[in-house]
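*Asks:* Provide a 3D model corresponding to the input given below.
(chains A and B)
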Amino acid sequence: MESAKLAFKVGRKSAKIEQVNGGVPVSIGMTDLDVQNIIDQIKQVSDINELQELKARFLGRQGALTTAMKKIREVSPDRRKDLGKTLNLYKQSIEDALDEQRRKLLEEQRKRREAFRRYDITMPGASREIGALHIISQVQEEVQEIFLSMGFELAVGPEMETAYYNFEALNTPEWHPSRDMHDTFYLSNGMLLRTHTSPVQIRVMEERKPPLAIFSPGRCYRKDTPDATHLPMFYQIEALYVDKNVSVAHLKGTLEVLAKRLFGQDREIRLRPSYFPFTEPSFEVYVSCGICHSSGCRSCGGTGWLEILGAGMVHPNVFRSVGYDPGEWSGFALGMGLERTIMLKYDLEDIRELMRNDRRFIKAFRGVVL
Amino acid sequence: MRIPTGWLKEFVDVSSKTTQSIADALSMSGTEVNSIMFPWEYIHGAVSGKIVEINDHPHSEELRTTRVDVGDTALQIVTSDLTVREGETVAVIPSGGSYEDLDIRDRDIRGVNSEGMYLSLEELRLEEDSTRVFRFDGEVEPGLDAKEQLGFDEAVIEVELTPNRGDCLSIKGIARELAAFYGTRLRVPDVPQIDEEERSVGVKIEDKACYRYTALLLESVEVGPSPLWMRKRLVEAGLRPRNNVIDITNYVMLETGHPVHAFDFGRFRSNSILVRTARENETLQLLDKRQVSLEEGDLLITDGTEPVALAGVMGGLKSGIYEDTSSILLEVAVFDPVTIRRTSRRLGIKTDSSYRFERGVDASDSVYVIERLADLMIKHAGAKVASKIEDAGHFEEAEPIHLRKWYVDSVLGTVVPIKKIPQILDALGFELEERGDGWQVKSPPYRHDIEQEIDLVEEVGRVFGYDRVAAKPPRILPIAADLPEEVLKTRRTRRFLTALGYDEAANYSFISPDSIPGLDQGEELVQLKNPISIDMSLMRPYVFAGLLGVASYNYRRQNKDIRVFEVGRTFTGKEELHLAMLATGRENPSDFSDKRETTFYTFKGAVEAFLDFFGASPEFVQYELPWLEKSCAAAIHVEGNNIGFLGTFDKDFAEHSYDIKTGELFIAEIRLDDLSVNRRSDIGKVSFSPFPRIFRDLSFIVPSDIYYEDLERSIRECAPEVLAEVTVTDVYRGKGIPDGHKSITFTLVFESFTGTLKDEEVSRVVEDVVSCVEKLGARLRDS
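*Replies:* So this is what the prediction gives:
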């Protein structure tokens, strides 16, 4: 690099031009231009920035060739044309040499770059971990979306409730055996923990006139000792529709939409008569088994159907307790437990897993719904 | 409740149906079937055998060697029952069969080969302590399937009844359901007319909670074992056979649904029955030997002087049936369901009797039931009728209900053929009379659940079948309702925190009072009055309590890099919506290029980012809480309200109670009720400068006890509005910095809304800033 610079003493003052064929120094007046030398210099350059420097020095505004070009005016007119031609030729040769060297250097650079593998593309990325939503939240939001899309409105209510809203207004008198269906937690402040989300029905109906279509998700509590299929706290989503001439057919239609969207389009539903104090008729709702499609297999216990929720037509006594005329209004209500849905959808055998919060369990469900 | 199918078939003709189809019919008409079971499943290969030869055992006087004909062959079997006789028909499990977990094989019994085993009544579970070989009553051909001969191969259907259907708590009740479903008739066993005696046992009802009381005195009763067929059915139904008198009362209860009772009349102090409410301080020792204190409102059966039974719940010990009992008073009574339930609940005593009375008993057929009892007592306990049938009280027929045809169709959402409705109701025992647009319907006396028209619609629907109703989604009119704030906040919080790398946990709303140190600090705590355990006895006043458990659980499983949150309600005087966050371990465990551990600063950064997402500008104020390290605890203030806190959880407590021994556990709790979901969306018109920004870094050496907050305030106060932002880019202690000092590098960002700033302008401001900050005791660091 040093030698290249030293060998290039093309000064403005001492320049002298001699005409020669390619490679032979040319002198024009005070300027010397040794093209062969220049090209040799270019060929020796090993750094692309230096090449840029050389280009400026020869071809730049104040470069040797440019200077020589300017000096052409000092040459006698008869020689001017030839000299011009020669200089252009020289310029071309230098440019070609520069280009070639540039290509060569770029190629070398690329080869060097390619020889040195800066990144091991098989290394794991320096990842940012995205947190996982608990599967209960995901399924809760999934069900919420289904109800919202059907035109139901979301309502919430307190978890610490009075016996009136949790039982009496729901046609469950204090000494009725149906209270055995709900083993209740009582609180030091005189309230109880709601055993279902149904009290929200009452609270909304007390405030509003029909028609209405609401649903209410939330935590509920029953005094069950935790085991593989029971928890003392669970998540319920309950829906209520009140209008004129609402029938079991409408309930079935709604359940079908819910079941197909939640469990799969190929699923069917079936109602089995049951009993809840606040609905009449009442049903346990079954969805066809996703494995055997209701023909019966081991995973559905041979029945072909899996119980997913409870539902029914709103009991006239419930309407009476909120001041709706049961002769004019009718409705249906349905309530589903999210844990049971999760157990069915994801083949979960022990419900307690949902409350253990093992990081691996939570992570396993990342993005299954949301 | 267990329904033996053999018994059921006496009441309804279902001979052409399989057990499974009977179970399906019950299920689809509202009686849930839990399982189909076979009580003698544990016996395999048993056959009938005839004992043809008995010899002494060569080496033992306690054993006999027998030969038994089992049809195609004769087996040699050693038995310890010395009473076996030639010609008796017994049940044998030959080698190759099995009993419970035991495979029956040829076995050497003290030098004699035994090729099977005889079954005893105890092994058949029909009698306790009965090791004698079981003998068939009559002649049975050898080599037949013994279980089949005894009917021990019959299925038992286990049903779960809903609380409204007290009428189904019997064989008769279930048979009635099936008869209605299949359109056949119920068959009830006939009882012969009994010859009543002149004698009268006075029965007096003093309390209206006793609707009806029917009694009959029997004498010369011989207490002993009940017949085998009866014991078999009791066993199938899940009851333990005791003696003939008790077995008969249980048998009739299972058959008819009437809880009936038999008193030892010989132990009565007075010879009559008085039904009354309990007096204060009265006590009674019950059959299970429990001594109970009675209260007014508890209904008692007394012998006119003292209580002999807690009505509808349990008999008294003194007047119970014993081996020497010879005169018994039969009771068939009907009591008020609420009265029975109150007493049963208060005392915590739940019996087959109280269970049935709570759900309502048929008050119309008491005389039939007592006759059925008497008939069985006469046949199987040698009893003789010794009085007339006493029948006090009464029963009221139900008021008719009008059922409109169109109403049935409108509720069910289908057109039920008009003939179907009376057909179904009639089969269920209702009486119908056509009137106007429908029928006047009278409920049968056992249907206490039928109160209004809708109850009748349900009856029609469940038998008609809901599979025949076509689905039709409703047309719901859309309404302009916003999602509740709680839902919006919860959703946004979940999205944001998962994006920050936090996992979501779900914990119980109840916690252990010991989960957080110093909890009783003025919070209005809510306790559970009847918790499952002390660990679940306090309603959570903070959500972070549960996260500590989550951290501990994962920590113990070597998941030590934890970032977790929960958003949910807390319970004190009111319900609030809280977010709790917890972090410990590596900041970015899946990033090999980021070796940082979680620090207060990284954690606070996450909290700040969250608050910023909700448009809140927090201030962090030095704070003290019993569960946070004093050196690292801050209150979060937003618009003057304390909305939560963050800091390092008490290290000693973390180690002792949660087994977290290393590292710092950072926690934060934020009351979301105090944040607004709309603040971000309400920012109005957005404006920003189009001109380039100028950046200047300034490093100061400052005494360690100067708060950053004061430095920043000082910078902002002395800079004109062209100072757009102040941020920290470095904090450094160590080489080159004097003890008790630290170096802080600020990046100041300048911009103007009116033009491109010139370097000189900025330099002047920077000089002002430097002199301001130096007044606080800081010194510009030489660069």
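*Asks:* which residues in the stretch 201-350 of chain B form helices?
*Replies:* Secondary structure of the stretch 201-350 of chain B (DSSP state H, counting those that start in this stretch): helices at B:228-237, B:244-256, B:337-347.
*Asks:* Any chance of those in TSV with mean neighbour count and mean pLDDT as columns?
*Replies:* Bear in mind the C-beta positions are built from the backbone N, C-alpha and C, glycine included. Formatted as TSV, the helices of the stretch 201-350 of chain B follow (neighbours: other Cβ atoms under 10 Å in any protein chain shown; pLDDT from 0 to 100):
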stretch	mean neighbour count	mean pLDDT
helix B:228-237	20	95
helix B:244-256	24	97
helix B:337-347	21	95
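*Asks:* would you turn those helices into a markdown table with distance to B:Ala635?
*Replies:* Formatted as a markdown table, those follow (distance: least, Cβ to Cβ, whole Å):
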| stretch | distance to B:Ala635 |
| --- | --- |
| helix B:228-237 | 66 |
| helix B:244-256 | 67 |
| helix B:337-347 | 48 |
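*Asks:* give the contact list for the residue nearest the centre of chain B.
*Replies:* When chain B is reduced to its mean C-alpha position, the nearest residue by Cα atoms, centre = their mean turns out to be B:Ile532, at 12.0 Å. Neighbour list for B:Ile532: A:Lys223, A:Thr225, A:Pro226, A:Pro232 [criterion: Cβ atoms under 8 Å, 6 or more residues apart in numbering or on different chains].
*Asks:* which parts of the stretch 151-300 of chain B sit against chain A?
*Replies:* Counting by Cβ under 8 Å from any Cβ of the partner chain, the stretch 151-300 of chain B comes close to chain A at B:Thr162, B:Pro163, B:Asn164, B:Arg165.
*Asks:* Most neighbours of all these, which one?
*Replies:* B:Asn164 (25 neighbours; other Cβ atoms under 10 Å in any protein chain shown).
*Asks:* hang on, isn't it packed against A:Tyr275?
*Replies:* Yes. Using Cβ atoms under 8 Å, B:Asn164 is in contact with A:Tyr275, at 5.0 Å.
*Asks:* Name the residues contacting each of these two.
*Replies:* A:Ser178.
*Asks:* Just the helices from the stretch 151-300 of chain A, written as ranges.
*Replies:* A:163-166, A:199-207, A:248-263.
*Asks:* Grab the nearest non-local neighbour of residue 305.
*Replies:* Unless you meant another one, I'm taking chain A. Nearest non-adjacent residue to A:Trp305, counting by Cβ to Cβ, 6 or more residues apart in numbering or on different chains: A:Tyr286, 3.8 Å away.
*Asks:* my bad, chain B
*Replies:* B:Arg269 (4.5 Å).
*Asks:* Touching, that neighbour and B:Glu306? I think so.
*Replies:* Yes. Counting by Cβ under 8 Å, B:Arg269 does reach B:Glu306; the two are 6.1 Å apart.
*Asks:* how close does the residue of chain B at minimum distance from chain A sit to B:Glu433?
*Replies:* Of all residues in chain B, B:Gly413 sits closest to chain A, at 2.8 Å by Cβ to the nearest Cβ. Here the criterion is Cβ to Cβ, to the nearest Å. By it, B:Gly413 lies 27 Å from B:Glu433.
*Asks:* Comparing the two, which residue is more hemmed in?
*Replies:* Set B:Gly413 next to B:Glu433 and count neighbours by other Cβ under 10 Å: B:Gly413 wins out with 22 against 10.
*Asks:* any weak-confidence spans in chain B?
*Replies:* Scanning chain B for pLDDT under 70 picks out B:521-523, B:783.
*Asks:* ok, residues contacting the helix or strand that contains A:Gln138?
*Replies:* In the assignment (DSSP states H and E), A:Gln138 maps to helix A:135-149. The contact list for helix A:135-149 (Cβ under 8 Å, 6+ apart) reads A:154, A:215, A:217, A:235, A:237, A:239, A:257-258, A:261-262, A:336, A:338-339, A:341-342, A:345-346, A:354, A:362, A:365, A:368-370, B:487, B:491, B:494, B:504, B:506.
*Asks:* Can you tell me which of those are buried?
*Replies:* Neighbour counting with 16 or more other Cβ atoms under 10 Å in any protein chain shown marks A:154, A:215, A:217, A:235, A:237, A:239, A:257-258, A:261-262, A:336, A:338-339, A:341-342, A:345, A:354, A:362, A:365, A:370, B:487, B:491, B:494, B:504, B:506 as buried within those.
*Asks:* Nearest residue to the residue of the stretch 1-150 of chain A found nearest chain B in space, ignoring adjacent ones along the chain?
*Replies:* When distances are taken as Cβ to the nearest Cβ, the stretch 1-150 of chain A reaches nearest to chain B at A:Gly131, 3.7 Å away. Excluding the flanking residues, the one nearest A:Gly131 by Cβ to Cβ, 6+ apart is B:Thr498, at 3.7 Å.
*Asks:* Show me what the helix or strand encompassing the one you found is packed up against.
*Replies:* Applying DSSP H and E as the criterion places B:Thr498 in helix B:485-499. Contacts defined by 3 or more Cβ pairs under 8 Å, 6 or more residues apart in numbering or on different chains; DSSP states H and E place helix B:485-499 against helix A:135-149, strand B:503-504, strand B:562-571, strand B:575-584, helix B:600-613.
*Asks:* Please work out which residues outside the shortest one touch it.
*Replies:* Residues outside strand B:503-504 that contact it (Cβ under 8 Å, 6+ apart) are A:131-134, A:137, A:359, A:362-363, B:494, B:497-498, B:563-567.
*Asks:* what about 6 Å?
*Replies:* Here strand B:503-504 makes contact (Cβ atoms under 6 Å, 6 or more residues apart in numbering or on different chains) with A:Gly131, A:Ala132, A:Leu133, A:His134, A:Ser137, A:Ile362, B:Val564.
*Asks:* Quick check: the two most widely separated of these?
*Replies:* Farthest apart among the contacts of strand B:503-504 by Cβ to Cβ are A:Ser137 and B:Val564. That separation is 13.2 Å.
*Asks:* residues touching the residue of chain B closest to chain A, list them.
*Replies:* A:Ser247, A:Val248, A:Ala249, B:Val469.
*Asks:* Between B:Arg269 and B:Glu306, which has more neighbouring residues?
*Replies:* B:Glu306 (15 against 12).
*Asks:* Can you verify my assumption that B:Ala506 contacts A:Arg219?
*Replies:* No. Contact criterion Cβ atoms under 6 Å: B:Ala506 and A:Arg219 do not qualify, at 9.4 Å.
*Asks:* related to what we said a few turns ago, could the helices and strands packed on helix B:485-499 be laid out in TSV, adding distance to B:Gly438?
*Replies:* TSV is the format used below for the helices and strands packed on helix B:485-499 (distance: least, Cβ to Cβ, whole Å):
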stretch	distance to B:Gly438
helix A:135-149	36
strand B:503-504	55
strand B:562-571	49
strand B:575-584	48
helix B:600-613	62
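*Asks:* near chain B, which residues of the stretch 51-200 of chain A show up?
*Replies:* A:126-127, A:129, A:131-134, A:136-137, A:151, A:153-154, A:156, A:158, A:175, A:177-178, A:185-189 (Cβ under 6 Å from any Cβ of the partner chain).
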